[in-house]
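Novice: sharing a sequence plus its predicted fold:
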Amino acid sequence: MGKRKIIAEPKELEKVPELGPGDVYGIVSKLVGYDKALVDCSDGKQRICRIRGQLKRKIWVKEGDLVLVSPWDFQADTRGDIWWRFTKNQAIELAKMGVVPEFLRSRIEK
């Protein structure tokens, strides 16, 4: 049994996914527990979002992270899925480019 290989996260924006239809940016405000987080979304709503299994096995999501949220088809105002987490450098670059809404931008640059 060898040690797990540590892969550094990319600092540049080359592998950043595009925002799909219905997807919103959000900032994790609180980790609720058991792969769920309370996220302040760019459309002004606060959702309880679950971290997808594909993401939670590879990347740790913590409070203050910029994430992409896909609202559910039902309960779209209160529930959603986190399907991408941006690194701190990527979040700052997106804020400089003006992609992220203003009220989220102020929380990223802290």
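Specialist: Good, I have the coordinates. Numbers count the residues shown, from 1 in each chain.

Novice: show me where this structure has its strands.
Specialist: Counting by DSSP state E, the chain has strands at residues 24-31, 36-41, 46-51, 66-71, 79-85.

Novice: quick one: the last one to strand 36-41, angle?
Specialist: Counting by axes from the mean of the first three to the mean of the last three C-alpha atoms, to 10 degrees, strand 79-85 lies at 80 degrees to strand 36-41.

Novice: who does strand 79-85 pair with, and is each partner parallel or antiparallel?
Specialist: According to DSSP bridges, strand 79-85 has the following sheet partners: strand 46-51 (parallel), strand 66-71 (antiparallel).

Novice: and those as JSON lines, adding mean pLDDT and mean neighbour count?
Specialist: To be clear about C-beta, it is placed using only N, CA and C from the backbone, and glycine gets the same treatment. As requested, those are exported to JSON lines (pLDDT from 0 to 100; neighbours: other C-beta atoms under 10 Å):
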{"stretch": "strand 46-51", "mean pLDDT": "96", "mean neighbour count": "20"}
{"stretch": "strand 66-71", "mean pLDDT": "95", "mean neighbour count": "22"}
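
Novice: at the geometric centre of the protein, which residue sits there?
Specialist: Val67 (1.0 Å; C-alpha atoms, centre = their mean).

Novice: thanks a lot, see you next time.
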